[in-house]
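Colleague: Have a look at this prediction, sequence included:
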Amino acid sequence: MAAPRRIGILTGGGDVPGLNSVIKSVVYRATDLGYEVLGIRRGWEGLTHQRRGADLDPEYVRILDRTNTRTIDRTGGTILHSSRTNPKKMKAKGLPSWVDPKSVAHKQTSEGIYDMTDHVLDTIEHLGLTHLVTIGGDDTLSFSSVLYERGLPLVAIPKTMDNDVNGTEYCIGFSSAITRAKEVLNRQRTTLGSHERIGVFRIFGRDAGFTALYTAYVTSTRCVIPEFNYDIKALAEILKEDHRNNPSRYSIVITAEGAMWEGGEMQETGEADAFGHRHKMNVGEVLASELKTLTGIEAVASDLTYDLRSGEPDMLDSMVASTFANVAMDLIRDGIGGRMVAIRDGKYAHVSLAETGKPPRRVQTTAYDIERFRPKYSDKLGSPLLLTPSLGPVED
């Protein structure tokens, strides 16, 4: 008898609402097409730590079916769990406990760093996977490209609250993040007004300001974003003006975590992860302190972080997640690999994985008023529903 066709599916990087909707939809559609589905747990770690030749380790690999995925789309997070493992750059302490570093010395690319790509491919072969569906942001997608170049039929699905993956106008998790941010910010207006303060809200966005910009758009507030170093004295004057003209005597500014004023310096702290990322300093607290000095008004900082990635997806993310999953399965059905499901020109599409290797998308001046520190609201006729500038035709 022919060996069963098996699809592996994994989620990498930070969790966002909508991941479970993707997983469930892939399982249901795969079942219709005659595939078995293996859920790879903890992102790429599941393929580096599953021992070759051994039975399926439930810590890293689980069989998924319609029964055990039936209700998962009703909750947030990812039932497969996640990690920031990078198989091409694994530190010695990150290797599986059963691997002797001496046995993989030939895989060492620099001091204490190992390229475990061959091991991942061996594990995929051992598991009998004929295809792989990966869900993640730039880091997960970068290693997806490596595997495709090595001959693995693979389709990727973009997710990130930053909405900055190159090649697509939308990533799963973005709408839910904005919905959550709007709810939290609007609840805090009463406290800010009661104490007549300036509210500084720190939000995701190391390199791109989409999350800050869109939250400001739907809450009619000011924002500063990484794409443009700003004049902090000019910002302080505008916030003083907002504070004075507001009957409740408060004002608000949203700062992306990577935003910085002219002459300022964005420091990074802590140890870098497997993809080279370190935490940014808490720019919200620093900005609040600076604004208090410049305005003479009490300023308080709030972090819009894990609340935005928690809980069930909103309507848009539920719909996009399920549709992305089915487009991915259409590609697998048609024997097409090396693609990322995407939104292009406001329509469902797919692009080459090579697109994801380009620098992240960034906010353009057509969307942001640099002098007034807010989104631009005028001249939107003909724009896509979500206002993201079109990326143009799909590239082969």
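Modeller: Perfect, thanks for sending it. Computed from a prediction, not measured in an experiment: that's the story for all the values here. Numbers count the residues shown, from 1 in each chain.
Colleague: any idea what sits nearest Trp98, other than its immediate chain neighbours?
Modeller: Leaving aside its chain neighbours, Trp98 sits nearest to Arg51 (6.2 Å; criterion: Cβ to Cβ, 6 or more residues apart in numbering). C-beta coordinates here come from the backbone N, C-alpha and C atoms, glycine included.
Colleague: Could you report the distance from that neighbour to Gly12?
Modeller: 21 Å (Cβ to Cβ, to the nearest Å).
Colleague: Contacts for stretch 306-326 next, please.
Modeller: Stretch 306-326 has contacts (Cβ atoms under 8 Å, 6 or more residues apart in numbering) with 14-19, 21-26, 29, 73-77, 133, 157, 161, 170, 172-177, 179-181, 184, 203-204, 211, 341, 343, 348.
Colleague: now swap in stretch 287-298 and tell me
Modeller: The list of residues contacting stretch 287-298 from outside it, by Cβ under 8 Å, 6+ apart, reads 195-198, 200, 224, 232-233, 235-236, 239-240, 243, 253, 255, 261, 299-301.
Colleague: swap in stretch 64-83?
Modeller: For stretch 64-83, the external contacting residues (Cβ under 8 Å, 6+ apart) are 9-21, 23-25, 27-28, 31, 37-46, 62, 176, 309-313, 318, 321-322.
Colleague: Buried members of the residues you listed into ChimeraX, please.
Modeller: Selection of buried members from the contacts of stretch 64-83 for ChimeraX, criterion 16 or more other Cβ atoms under 10 Å:
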select :9,10,11,12,13,14,15,16,17,18,19,20,21,23,24,25,27,28,37,38,39,40,41,42,43,44,45,46,62,176,309,312,313,318,321,322
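Colleague: Among the contacts of stretch 64-83, name the ones in strands.
Modeller: Ile9, Leu10, Thr11, Val37, Leu38, Gly39, Ile40, Arg62 (DSSP state E).
Colleague: The fifth one contacts Leu129, correct?
Modeller: Okay, so that is Leu38. Yes: assessed by Cβ atoms under 8 Å, Leu38 is found in contact with Leu129 at 6.7 Å.
Colleague: Mutual contacts of the two, please.
Modeller: Arg6, Ile7, Gly8.
Colleague: For the second one, give me the backbone phi and psi.
Modeller: Right, Ile7. The phi and psi values for Ile7, taken as degrees, to the nearest 10, are phi -110, psi 130.
Colleague: pLDDT value on it, please?
Modeller: If you check Ile7, the pLDDT there is 98.
Colleague: surely it meets Leu127?
Modeller: No: applying Cβ under 8 Å as the test, Ile7 and Leu127 come out as separate, 10.6 Å apart.
Colleague: Overlap in contacts, these two.
Modeller: Common neighbours of Ile7 and Leu127 (criterion: Cβ under 8 Å, 6+ apart): Leu38.
Colleague: neighbour count winner among these two?
Modeller: Neighbour tally, Ile7 and Leu127, criterion other Cβ atoms under 10 Å: the higher count belongs to Ile7, 25 against 19.
Colleague: of the shared contacts of Leu38 and Leu129, closest to Arg333?
Modeller: Ile7 (11.0 Å; Cβ to Cβ).
Colleague: what's near enough to touch that closest one?
Modeller: Residues near Ile7 by Cβ under 8 Å, 6+ apart: Val26, Ala30, Tyr35, Glu36, Val37, Leu38, Leu129, Thr130, His131, Leu132, Val133, Ile332.
Colleague: Give me the spatial nearest neighbour of Arg206, chain neighbours excluded.
Modeller: The shortest distance from Arg206 to any residue other than its chain neighbours is 4.4 Å, reached at Gly258 (Cβ to Cβ, 6+ apart).
Colleague: State whether the one you found and Gly205 are indeed in contact, as I suppose.
Modeller: Yes: between Gly258 and Gly205 there is a contact at 5.7 Å, judged by Cβ under 8 Å.
Colleague: where's Ile332 relative to Leu47, distance?
Modeller: Applying Cβ to Cβ, one obtains 18 Å for the distance of Ile332 from Leu47.
Colleague: of those two, who's got more company?
Modeller: Leu47 (30 against 24).
Colleague: residue contacts, Val22?
Modeller: So Val22 contacts Ile135, Ile157, Lys159, Ile172, Ala321, Ser322, Phe324, Ala325 (Cβ under 8 Å, 6+ apart).
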